[in-house]
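S.K.: Sequence and predicted structure, then a few things I'm wondering about:
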Amino acid sequence: MQDLAVKLTPVRPLRAITEALWRTNPISKQVLGICSALAVTVQMNTAIVMGLALTFVVAFSNLAVACLRHAIPRNIRIITEVAVIATLVIIADEFLKAFLFDISKQLSVFVGLIITNCIVMGRAETFAINNSPPAAFVDGLANGLGYASVLVGVAFFRELLGAGKILGHAVIPQALYDLGYRDMGLMLLAPGAFIVIGLFVWLQQTLLKSR
Amino acid sequence: MSDAAKTVLFATVLCVACSLLLTLASTGLKGFQQKNALVDQHRNILLAVGALEADRGYDAEEIEALYGRSIRCLYVDATGAVVSGDASQGGELPMYLYLKDGGEPAAYIIPVDSRGLWGRIKGYLALEPDGATVAGFAVYAHAETPGLGGEIERRWFQRNFVGKRIVNDAGEFVSVRIAKGAVKDAVRQELQPHFVDGISGATFTGTFLSQGLESILQTYEPVSLNFRTRGMLRIPENSKVCKTSPSS
(Lines give C-alpha, C1' and ligand atoms only; values in the text may rest on other atoms or scores of the structure.)
Protein backbone atom coordinates (compact mmCIF):
# COMPACT_ATOMS: atom_id res chain seq x y z
CA MET A 1 0.00 0.00 0.00
CA GLN A 2 2.80 2.34 0.90
CA ASP A 3 4.63 1.53 -2.36
CA LEU A 4 1.58 2.23 -4.46
CA ALA A 5 1.14 5.68 -3.00
CA VAL A 6 4.72 6.57 -3.89
CA LYS A 7 4.40 5.26 -7.42
CA LEU A 8 1.27 7.23 -8.18
CA THR A 9 2.75 10.50 -6.87
CA PRO A 10 -0.66 11.94 -5.98
CA VAL A 11 -1.27 15.53 -6.98
CA ARG A 12 -1.58 17.75 -3.92
CA PRO A 13 -2.28 21.16 -5.45
CA LEU A 14 -2.58 23.07 -2.19
CA ARG A 15 0.65 21.62 -0.82
CA ALA A 16 2.54 22.35 -4.08
CA ILE A 17 1.30 25.93 -4.14
CA THR A 18 2.13 26.70 -0.51
CA GLU A 19 5.57 25.13 -0.94
CA ALA A 20 6.35 27.25 -4.02
CA LEU A 21 4.92 30.38 -2.46
CA TRP A 22 7.00 30.05 0.68
CA ARG A 23 9.51 27.29 1.40
CA THR A 24 10.93 26.85 -2.13
CA ASN A 25 9.95 30.22 -3.58
CA PRO A 26 11.69 30.63 -6.96
CA ILE A 27 12.84 34.20 -6.27
CA SER A 28 13.37 34.59 -2.56
CA LYS A 29 14.60 31.05 -1.89
CA GLN A 30 16.12 29.86 -5.17
CA VAL A 31 17.09 33.38 -6.33
CA LEU A 32 16.01 32.72 -9.93
CA GLY A 33 14.39 35.15 -12.34
CA ILE A 34 16.01 38.17 -10.67
CA CYS A 35 16.62 40.07 -13.93
CA SER A 36 12.96 40.57 -14.74
CA ALA A 37 12.14 41.04 -11.04
CA LEU A 38 14.41 44.11 -11.07
CA ALA A 39 13.07 45.48 -14.32
CA VAL A 40 9.29 45.30 -14.09
CA THR A 41 8.67 46.07 -10.42
CA VAL A 42 8.60 49.87 -10.57
CA GLN A 43 4.81 49.75 -10.74
CA MET A 44 2.39 47.15 -9.44
CA ASN A 45 0.35 46.83 -12.64
CA THR A 46 3.36 45.83 -14.76
CA ALA A 47 4.43 43.39 -12.03
CA ILE A 48 0.99 41.77 -11.92
CA VAL A 49 0.81 41.37 -15.70
CA MET A 50 4.36 40.03 -15.85
CA GLY A 51 3.59 37.57 -13.04
CA LEU A 52 0.48 36.32 -14.82
CA ALA A 53 2.31 36.02 -18.16
CA LEU A 54 5.06 33.95 -16.55
CA THR A 55 2.54 31.81 -14.67
CA PHE A 56 0.73 31.09 -17.95
CA VAL A 57 3.99 30.16 -19.69
CA VAL A 58 5.42 27.96 -16.94
CA ALA A 59 2.12 26.15 -16.28
CA PHE A 60 1.48 25.31 -19.92
CA SER A 61 5.08 24.53 -20.81
CA ASN A 62 5.14 22.12 -17.86
CA LEU A 63 1.89 20.58 -19.08
CA ALA A 64 3.15 20.22 -22.65
CA VAL A 65 6.52 18.79 -21.64
CA ALA A 66 4.88 16.33 -19.23
CA CYS A 67 2.45 15.17 -21.93
CA LEU A 68 5.31 14.63 -24.36
CA ARG A 69 7.74 13.21 -21.79
CA HIS A 70 7.70 9.65 -23.18
CA ALA A 71 7.95 10.83 -26.79
CA ILE A 72 10.73 13.40 -26.47
CA PRO A 73 14.04 11.95 -27.71
CA ARG A 74 16.66 12.37 -24.95
CA ASN A 75 19.24 13.99 -27.25
CA ILE A 76 17.00 16.93 -28.24
CA ARG A 77 15.30 17.23 -24.86
CA ILE A 78 16.46 20.77 -24.10
CA ILE A 79 15.77 22.05 -27.62
CA THR A 80 12.24 20.66 -27.41
CA GLU A 81 11.66 22.38 -24.09
CA VAL A 82 12.96 25.69 -25.43
CA ALA A 83 10.77 25.43 -28.55
CA VAL A 84 7.68 24.81 -26.42
CA ILE A 85 8.53 27.67 -24.05
CA ALA A 86 9.35 30.09 -26.88
CA THR A 87 6.04 29.34 -28.61
CA LEU A 88 4.09 30.01 -25.42
CA VAL A 89 6.01 33.23 -24.73
CA ILE A 90 5.28 34.60 -28.20
CA ILE A 91 1.60 33.72 -27.79
CA ALA A 92 1.53 35.53 -24.43
CA ASP A 93 3.26 38.54 -26.00
CA GLU A 94 0.78 38.64 -28.90
CA PHE A 95 -2.12 38.58 -26.45
CA LEU A 96 -0.65 41.42 -24.41
CA LYS A 97 -0.12 43.50 -27.56
CA ALA A 98 -3.73 42.91 -28.55
CA PHE A 99 -5.48 43.48 -25.22
CA LEU A 100 -3.10 45.24 -22.81
CA PHE A 101 -1.23 47.46 -25.23
CA ASP A 102 -0.03 50.13 -22.77
CA ILE A 103 1.31 47.62 -20.27
CA SER A 104 2.87 45.59 -23.08
CA LYS A 105 4.70 48.73 -24.20
CA GLN A 106 6.02 49.28 -20.68
CA LEU A 107 7.10 45.66 -20.33
CA SER A 108 8.82 45.94 -23.75
CA VAL A 109 11.49 43.25 -24.09
CA PHE A 110 10.85 41.61 -20.75
CA VAL A 111 7.89 39.53 -21.93
CA GLY A 112 10.10 38.10 -24.68
CA LEU A 113 12.81 37.46 -22.13
CA ILE A 114 10.53 35.04 -20.21
CA ILE A 115 12.07 32.49 -22.60
CA THR A 116 15.38 32.90 -20.79
CA ASN A 117 13.83 32.90 -17.33
CA CYS A 118 15.51 30.12 -15.37
CA ILE A 119 12.30 29.29 -13.53
CA VAL A 120 10.51 28.11 -16.69
CA MET A 121 13.38 26.02 -17.97
CA GLY A 122 14.14 24.79 -14.47
CA ARG A 123 10.64 23.46 -13.83
CA ALA A 124 10.44 21.80 -17.26
CA GLU A 125 13.82 20.11 -16.81
CA THR A 126 13.59 19.06 -13.15
CA PHE A 127 9.89 18.37 -12.71
CA ALA A 128 7.75 18.18 -15.85
CA ILE A 129 9.98 15.73 -17.70
CA ASN A 130 9.55 13.14 -14.90
CA ASN A 131 5.96 13.66 -13.76
CA SER A 132 2.38 13.24 -14.86
CA PRO A 133 0.69 16.13 -16.72
CA PRO A 134 -1.67 17.15 -13.88
CA ALA A 135 1.17 17.21 -11.34
CA ALA A 136 3.38 19.18 -13.75
CA PHE A 137 0.64 21.68 -14.50
CA VAL A 138 0.04 22.31 -10.80
CA ASP A 139 3.78 22.61 -10.21
CA GLY A 140 4.03 25.20 -12.98
CA LEU A 141 1.07 27.13 -11.63
CA ALA A 142 2.55 27.05 -8.13
CA ASN A 143 5.97 28.27 -9.20
CA GLY A 144 4.48 30.96 -11.41
CA LEU A 145 2.43 32.22 -8.49
CA GLY A 146 5.49 32.04 -6.25
CA TYR A 147 7.33 34.29 -8.70
CA ALA A 148 4.35 36.60 -9.13
CA SER A 149 3.86 36.97 -5.37
CA VAL A 150 7.40 38.23 -4.81
CA LEU A 151 7.17 40.48 -7.88
CA VAL A 152 3.97 42.08 -6.66
CA GLY A 153 5.39 42.39 -3.14
CA VAL A 154 8.52 44.14 -4.36
CA ALA A 155 6.50 46.36 -6.69
CA PHE A 156 4.20 47.32 -3.80
CA PHE A 157 7.09 48.74 -1.77
CA ARG A 158 8.82 50.33 -4.78
CA GLU A 159 5.68 52.05 -6.02
CA LEU A 160 4.58 53.11 -2.53
CA LEU A 161 7.95 54.48 -1.42
CA GLY A 162 9.17 55.64 -4.84
CA ALA A 163 6.08 57.31 -6.24
CA GLY A 164 3.66 57.44 -3.29
CA LYS A 165 1.14 55.37 -5.27
CA ILE A 166 -0.50 51.96 -5.21
CA LEU A 167 -1.70 50.62 -8.57
CA GLY A 168 -1.40 54.15 -9.96
CA HIS A 169 -3.55 55.77 -7.27
CA ALA A 170 -1.89 58.33 -5.01
CA VAL A 171 -2.10 57.09 -1.41
CA ILE A 172 0.29 59.38 0.45
CA PRO A 173 -1.83 62.35 1.58
CA GLN A 174 -0.84 65.77 0.28
CA ALA A 175 -0.61 66.97 3.89
CA LEU A 176 2.39 64.71 4.43
CA TYR A 177 4.16 66.20 1.39
CA ASP A 178 3.40 69.66 2.77
CA LEU A 179 5.15 68.64 6.01
CA GLY A 180 8.29 67.89 3.99
CA TYR A 181 7.88 64.18 3.10
CA ARG A 182 9.64 63.28 -0.13
CA ASP A 183 9.25 60.26 -2.42
CA MET A 184 12.34 58.05 -2.44
CA GLY A 185 13.77 58.31 -5.96
CA LEU A 186 16.15 55.41 -5.32
CA MET A 187 13.21 53.01 -5.21
CA LEU A 188 12.39 53.73 -8.85
CA LEU A 189 15.89 52.76 -9.97
CA ALA A 190 17.26 49.20 -10.32
CA PRO A 191 19.33 49.44 -7.08
CA GLY A 192 16.07 50.01 -5.20
CA ALA A 193 14.83 46.64 -6.43
CA PHE A 194 18.08 44.96 -5.39
CA ILE A 195 17.67 46.31 -1.89
CA VAL A 196 14.00 45.34 -1.58
CA ILE A 197 14.59 41.82 -2.95
CA GLY A 198 17.59 41.47 -0.63
CA LEU A 199 15.44 42.38 2.34
CA PHE A 200 12.79 39.87 1.19
CA VAL A 201 15.41 37.10 0.97
CA TRP A 202 16.82 38.02 4.40
CA LEU A 203 13.37 38.08 5.99
CA GLN A 204 12.45 34.74 4.51
CA GLN A 205 15.67 33.00 5.52
CA THR A 206 15.34 34.32 9.06
CA LEU A 207 11.74 33.18 9.38
CA LEU A 208 12.54 29.75 7.89
CA LYS A 209 15.42 29.22 10.31
CA SER A 210 13.52 30.34 13.37
CA ARG A 211 10.94 27.60 12.87
CA MET B 1 12.85 3.16 -37.19
CA SER B 2 16.32 4.24 -36.12
CA ASP B 3 16.84 6.66 -33.27
CA ALA B 4 18.10 9.38 -35.58
CA ALA B 5 15.06 9.11 -37.83
CA LYS B 6 12.79 9.22 -34.79
CA THR B 7 14.52 12.36 -33.56
CA VAL B 8 14.15 14.08 -36.91
CA LEU B 9 10.50 13.05 -37.15
CA PHE B 10 9.78 14.34 -33.64
CA ALA B 11 11.55 17.65 -34.32
CA THR B 12 9.63 18.12 -37.57
CA VAL B 13 6.26 17.43 -35.99
CA LEU B 14 7.08 19.73 -33.07
CA CYS B 15 8.15 22.56 -35.40
CA VAL B 16 5.01 22.27 -37.52
CA ALA B 17 2.78 22.21 -34.43
CA CYS B 18 4.53 25.24 -32.90
CA SER B 19 4.41 27.25 -36.10
CA LEU B 20 0.72 26.44 -36.55
CA LEU B 21 0.00 27.75 -33.06
CA LEU B 22 2.02 30.92 -33.72
CA THR B 23 0.31 31.56 -37.04
CA LEU B 24 -3.05 31.13 -35.39
CA ALA B 25 -2.20 33.58 -32.59
CA SER B 26 -0.65 36.09 -34.97
CA THR B 27 -3.45 36.17 -37.57
CA GLY B 28 -6.22 35.90 -35.01
CA LEU B 29 -5.01 38.89 -33.01
CA LYS B 30 -3.77 41.08 -35.86
CA GLY B 31 -6.96 43.16 -36.02
CA PHE B 32 -6.76 44.12 -32.35
CA GLN B 33 -3.05 44.88 -32.57
CA GLN B 34 -3.42 47.12 -35.61
CA LYS B 35 -6.20 49.05 -33.92
CA ASN B 36 -3.98 49.53 -30.86
CA ALA B 37 -1.09 50.71 -33.03
CA LEU B 38 -3.34 53.22 -34.79
CA VAL B 39 -4.71 54.59 -31.52
CA ASP B 40 -1.14 54.84 -30.24
CA GLN B 41 -0.14 56.89 -33.30
CA HIS B 42 -3.10 59.18 -32.76
CA ARG B 43 -2.20 59.48 -29.08
CA ASN B 44 1.30 60.55 -30.04
CA ILE B 45 0.08 63.12 -32.56
CA LEU B 46 -2.04 64.62 -29.78
CA LEU B 47 0.90 64.39 -27.36
CA ALA B 48 3.14 66.23 -29.83
CA VAL B 49 0.79 69.22 -29.96
CA GLY B 50 0.34 69.16 -26.19
CA ALA B 51 -3.37 68.32 -26.36
CA LEU B 52 -3.10 65.63 -23.68
CA GLU B 53 -2.44 66.13 -19.98
CA ALA B 54 0.80 64.43 -19.01
CA ASP B 55 -0.25 62.68 -15.82
CA ARG B 56 -3.53 61.25 -16.93
CA GLY B 57 -4.39 58.03 -18.73
CA TYR B 58 -6.70 58.25 -21.74
CA ASP B 59 -8.63 55.30 -23.06
CA ALA B 60 -8.95 54.51 -26.75
CA GLU B 61 -12.40 56.12 -27.15
CA GLU B 62 -11.25 59.42 -25.64
CA ILE B 63 -8.19 59.49 -27.91
CA GLU B 64 -10.24 58.73 -31.01
CA ALA B 65 -12.88 61.33 -30.13
CA LEU B 66 -10.28 64.02 -29.47
CA TYR B 67 -8.36 63.06 -32.61
CA GLY B 68 -11.47 63.14 -34.76
CA ARG B 69 -12.40 66.55 -33.37
CA SER B 70 -9.10 68.34 -33.58
CA ILE B 71 -6.70 66.66 -36.02
CA ARG B 72 -6.95 66.84 -39.78
CA CYS B 73 -4.70 64.87 -42.08
CA LEU B 74 -3.61 66.36 -45.42
CA TYR B 75 -1.13 65.75 -48.21
CA VAL B 76 1.21 68.44 -49.43
CA ASP B 77 3.26 68.50 -52.64
CA ALA B 78 6.88 69.52 -53.12
CA THR B 79 5.99 73.21 -53.25
CA GLY B 80 4.20 73.04 -49.91
CA ALA B 81 0.70 73.37 -51.39
CA VAL B 82 -2.10 71.11 -50.19
CA VAL B 83 -3.00 68.37 -52.67
CA SER B 84 -6.65 68.41 -53.66
CA GLY B 85 -9.01 65.74 -54.95
CA ASP B 86 -7.59 62.27 -55.21
CA ALA B 87 -4.92 63.22 -57.71
CA SER B 88 -1.73 61.25 -57.15
CA GLN B 89 1.30 62.73 -58.86
CA GLY B 90 3.81 61.03 -56.54
CA GLY B 91 6.10 62.69 -54.03
CA GLU B 92 3.21 63.70 -51.80
CA LEU B 93 3.92 64.15 -48.13
CA PRO B 94 1.43 63.43 -45.35
CA MET B 95 0.98 66.03 -42.67
CA TYR B 96 -1.49 66.87 -39.92
CA LEU B 97 -3.14 70.06 -38.74
CA TYR B 98 -4.13 70.65 -35.14
CA LEU B 99 -7.39 72.58 -35.21
CA LYS B 100 -7.89 73.70 -31.65
CA ASP B 101 -11.65 73.82 -30.94
CA GLY B 102 -12.25 73.33 -34.67
CA GLY B 103 -10.98 76.81 -35.58
CA GLU B 104 -7.72 78.07 -37.07
CA PRO B 105 -4.74 75.69 -37.15
CA ALA B 106 -2.94 75.92 -33.79
CA ALA B 107 -0.07 73.74 -35.01
CA TYR B 108 0.98 71.56 -37.90
CA ILE B 109 2.49 68.14 -37.36
CA ILE B 110 4.99 66.36 -39.56
CA PRO B 111 5.68 62.64 -39.26
CA VAL B 112 9.25 61.79 -38.28
CA ASP B 113 10.92 58.63 -39.56
CA SER B 114 14.60 58.83 -38.70
CA ARG B 115 17.53 56.49 -38.55
CA GLY B 116 18.37 55.44 -34.98
CA LEU B 117 21.21 53.38 -33.58
CA TRP B 118 19.39 50.03 -33.75
CA GLY B 119 16.42 50.75 -35.98
CA ARG B 120 14.04 53.40 -37.25
CA ILE B 121 12.81 56.05 -34.84
CA LYS B 122 9.22 57.01 -35.63
CA GLY B 123 7.34 59.91 -34.15
CA TYR B 124 5.82 63.31 -34.75
CA LEU B 125 7.20 66.85 -34.62
CA ALA B 126 4.66 69.62 -34.14
CA LEU B 127 5.38 73.20 -35.20
CA GLU B 128 3.50 76.35 -34.37
CA PRO B 129 1.73 78.29 -37.17
CA ASP B 130 4.62 80.80 -37.24
CA GLY B 131 6.49 78.05 -39.11
CA ALA B 132 9.55 78.44 -36.89
CA THR B 133 8.82 77.33 -33.33
CA VAL B 134 8.60 73.70 -32.23
CA ALA B 135 5.33 72.99 -30.42
CA GLY B 136 6.22 69.47 -29.34
CA PHE B 137 7.80 66.13 -30.15
CA ALA B 138 6.64 62.56 -29.55
CA VAL B 139 8.04 59.12 -30.39
CA TYR B 140 5.77 56.10 -30.90
CA ALA B 141 8.19 53.47 -32.13
CA HIS B 142 11.91 52.91 -31.72
CA ALA B 143 14.44 50.19 -31.00
CA GLU B 144 17.00 52.18 -29.00
CA THR B 145 18.66 50.75 -25.87
CA PRO B 146 16.26 50.97 -22.92
CA GLY B 147 17.57 53.42 -20.32
CA LEU B 148 20.00 55.09 -22.75
CA GLY B 149 18.78 55.94 -26.26
CA GLY B 150 15.39 54.61 -25.22
CA GLU B 151 14.96 57.75 -23.11
CA ILE B 152 13.82 59.52 -26.31
CA GLU B 153 10.36 58.15 -25.56
CA ARG B 154 10.29 59.90 -22.17
CA ARG B 155 8.48 63.11 -21.44
CA TRP B 156 11.53 64.81 -19.92
CA PHE B 157 13.42 64.50 -23.21
CA GLN B 158 10.47 65.39 -25.44
CA ARG B 159 9.45 68.39 -23.34
CA ASN B 160 12.79 70.04 -24.11
CA PHE B 161 11.75 70.48 -27.73
CA VAL B 162 8.91 72.84 -26.86
CA GLY B 163 9.74 76.42 -27.85
CA LYS B 164 12.93 75.57 -29.78
CA ARG B 165 13.42 77.39 -33.10
CA ILE B 166 14.10 75.77 -36.49
CA VAL B 167 15.19 79.10 -38.02
CA ASN B 168 17.82 81.54 -36.78
CA ASP B 169 17.36 85.26 -36.16
CA ALA B 170 18.21 85.99 -39.82
CA GLY B 171 15.32 83.76 -40.89
CA GLU B 172 17.50 80.97 -42.28
CA PHE B 173 16.61 77.32 -41.75
CA VAL B 174 18.92 75.71 -39.17
CA SER B 175 16.83 72.73 -37.89
CA VAL B 176 16.76 71.63 -34.28
CA ARG B 177 19.56 69.43 -32.93
CA ILE B 178 20.32 67.29 -29.93
CA ALA B 179 23.31 68.54 -27.93
CA LYS B 180 26.02 66.34 -26.42
CA GLY B 181 25.03 66.81 -22.80
CA ALA B 182 23.15 69.74 -21.32
CA VAL B 183 22.51 72.64 -23.71
CA LYS B 184 23.69 75.30 -21.27
CA ASP B 185 27.16 73.70 -21.01
CA ALA B 186 27.63 72.25 -24.49
CA VAL B 187 26.30 74.93 -26.82
CA ARG B 188 27.24 78.55 -27.44
CA GLN B 189 24.76 81.10 -26.09
CA GLU B 190 23.51 82.30 -29.49
CA LEU B 191 22.85 78.73 -30.74
CA GLN B 192 21.00 77.53 -27.66
CA PRO B 193 17.48 78.11 -29.08
CA HIS B 194 18.23 75.45 -31.73
CA PHE B 195 19.46 72.70 -29.38
CA VAL B 196 17.82 70.35 -26.87
CA ASP B 197 19.50 68.56 -23.97
CA GLY B 198 21.14 65.30 -25.03
CA ILE B 199 21.02 61.95 -23.26
CA SER B 200 24.27 60.82 -21.66
CA GLY B 201 25.32 57.43 -22.97
CA ALA B 202 23.29 57.89 -26.14
CA THR B 203 25.50 60.01 -28.38
CA PHE B 204 24.74 57.97 -31.51
CA THR B 205 21.00 58.07 -30.99
CA GLY B 206 21.26 61.85 -30.61
CA THR B 207 23.42 62.26 -33.72
CA PHE B 208 21.20 60.08 -35.90
CA LEU B 209 18.01 61.72 -34.65
CA SER B 210 19.51 65.18 -35.25
CA GLN B 211 20.33 64.20 -38.83
CA GLY B 212 16.90 62.64 -39.29
CA LEU B 213 15.08 65.70 -37.97
CA GLU B 214 17.16 67.99 -40.16
CA SER B 215 16.46 66.06 -43.35
CA ILE B 216 12.74 65.75 -42.54
CA LEU B 217 12.41 69.43 -41.66
CA GLN B 218 14.30 70.23 -44.88
CA THR B 219 11.78 68.16 -46.85
CA TYR B 220 8.89 69.99 -45.22
CA GLU B 221 10.62 73.38 -45.44
CA PRO B 222 8.27 74.60 -48.26
CA VAL B 223 5.32 74.05 -45.91
CA SER B 224 7.08 75.82 -43.06
CA LEU B 225 7.97 78.65 -45.44
CA ASN B 226 4.29 79.01 -46.36
CA PHE B 227 3.45 79.33 -42.70
CA ARG B 228 6.31 81.78 -42.09
CA THR B 229 5.50 84.08 -44.99
CA ARG B 230 1.71 83.86 -45.12
CA GLY B 231 0.96 82.80 -41.55
CA MET B 232 -1.22 79.94 -42.68
CA LEU B 233 -1.91 77.24 -45.22
CA ARG B 234 -4.62 77.48 -47.86
CA ILE B 235 -6.72 74.32 -47.68
CA PRO B 236 -8.84 73.56 -50.76
CA GLU B 237 -12.40 72.34 -50.18
CA ASN B 238 -11.73 68.92 -51.64
CA SER B 239 -8.34 68.18 -50.09
CA LYS B 240 -7.12 64.64 -50.57
CA VAL B 241 -8.35 62.22 -47.91
CA CYS B 242 -5.74 60.34 -45.92
CA LYS B 243 -5.54 56.61 -45.70
CA THR B 244 -6.64 55.43 -42.29
CA SER B 245 -4.45 52.35 -42.06
CA PRO B 246 -1.33 52.70 -39.90
CA SER B 247 1.74 53.56 -41.96
CA SER B 248 4.10 51.22 -40.14
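M.R.: Thanks, I have the structure now.
S.K.: Show me the strands in the chain, by range?
M.R.: No chain was given, so I picked chain A. Ranges of strands in chain A, per DSSP state E, are A:165-166, A:169-170.
S.K.: You answered for a different chain; I wanted chain B.
M.R.: B:71-76, B:93-99, B:105-115, B:120-127, B:134-141, B:177-178, B:195-196.
S.K.: Sheet-wise, list the partners of the last one with their directions.
M.R.: In this case it means strand B:195-196. strand B:177-178 (parallel) (DSSP bridges).
S.K.: So what's the gap between the strand it pairs with and the chain middle?
M.R.: 16 Å (C-alpha atoms, centre = their mean, to the nearest Å).
S.K.: One more: stretch A:48-63?
M.R.: So, by C-alpha atoms, centre = their mean, the centroid of stretch A:48-63 is 8 Å from its chain's centroid.
S.K.: Contacts for that stretch next, please.
M.R.: Residues outside stretch A:48-63 that contact it (C-beta atoms under 8 Å, 6 or more residues apart in numbering or on different chains) are A:33, A:36, A:40, A:81, A:84-85, A:88-89, A:92, A:96, A:100, A:103, A:107, A:110-111, A:114, A:117, A:119-120, A:123-124, A:127-128, A:133, A:136-137, A:139-141, A:143-145, A:147-149, A:151-152, A:155. All C-beta spots, glycine's among them, are computed from the backbone N, C-alpha and C.
S.K.: cutoff 7 Å now
M.R.: Outside stretch A:48-63, the residues that touch it by C-beta atoms under 7 Å, 6 or more residues apart in numbering or on different chains are A:36, A:40, A:84-85, A:88-89, A:92, A:96, A:100, A:103, A:107, A:110-111, A:114, A:117, A:119-120, A:123-124, A:127-128, A:133, A:136-137, A:139-141, A:143-145, A:147-148, A:151-152.
S.K.: Same check on stretch A:186-206?
M.R.: A:28-29, A:31, A:34, A:37-38, A:41-42, A:150, A:153-154, A:157-158, A:161-163.
S.K.: counting contacts, what elements does the longest helix seen in chain A pack onto?
M.R.: Longest helix in chain A by number of residues (criterion: DSSP state H): helix A:133-163. Counting contacts by 3 or more C-beta pairs under 7 Å, 6 or more residues apart in numbering or on different chains; DSSP states H and E, helix A:133-163 is packed against helix A:13-18, helix A:34-39, helix A:44-67, helix A:118-126, strand A:165-166, helix A:190-210.
S.K.: Export the ones you listed to CSV and append columns for mean neighbour count.
M.R.: What follows is the helices and strands packed on helix A:133-163, written out as CSV (neighbours: other C-beta atoms under 10 Å in any protein chain shown):
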stretch, mean neighbour count
helix A:13-18, 14
helix A:34-39, 20
helix A:44-67, 23
helix A:118-126, 20
strand A:165-166, 15
helix A:190-210, 14
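S.K.: Adding distance to residue B:9 and mean pLDDT, write these out as JSON lines.
M.R.: Formatted as JSON lines, the helices and strands packed on helix A:133-163 follow (distance: least, C-beta to C-beta, whole Å; pLDDT from 0 to 100):
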{"stretch": "helix A:13-18", "distance to residue B:9": "34", "mean pLDDT": "83"}
{"stretch": "helix A:34-39", "distance to residue B:9": "35", "mean pLDDT": "84"}
{"stretch": "helix A:44-67", "distance to residue B:9": "17", "mean pLDDT": "94"}
{"stretch": "helix A:118-126", "distance to residue B:9": "21", "mean pLDDT": "92"}
{"stretch": "strand A:165-166", "distance to residue B:9": "53", "mean pLDDT": "88"}
{"stretch": "helix A:190-210", "distance to residue B:9": "45", "mean pLDDT": "90"}
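S.K.: For these, give me JSON lines that also has distance to residue B:195.
M.R.: JSON lines is the format used below for these (distance: least, C-beta to C-beta, whole Å):
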{"stretch": "helix A:13-18", "distance to residue B:195": "57"}
{"stretch": "helix A:34-39", "distance to residue B:195": "32"}
{"stretch": "helix A:44-67", "distance to residue B:195": "34"}
{"stretch": "helix A:118-126", "distance to residue B:195": "45"}
{"stretch": "strand A:165-166", "distance to residue B:195": "34"}
{"stretch": "helix A:190-210", "distance to residue B:195": "30"}
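S.K.: follow-up on the earlier one: farthest pair in the contacts of stretch A:186-206?
M.R.: A:29 and A:163 (28.6 Å; C-beta to C-beta).
S.K.: hmm, back to that, take the strands of chain A and lay them out in CSV including distance to residue B:168.
M.R.: Converted to CSV, the strands of chain A look like this (distance: least, C-beta to C-beta, whole Å):
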stretch, distance to residue B:168
strand A:165-166, 44
strand A:169-170, 44
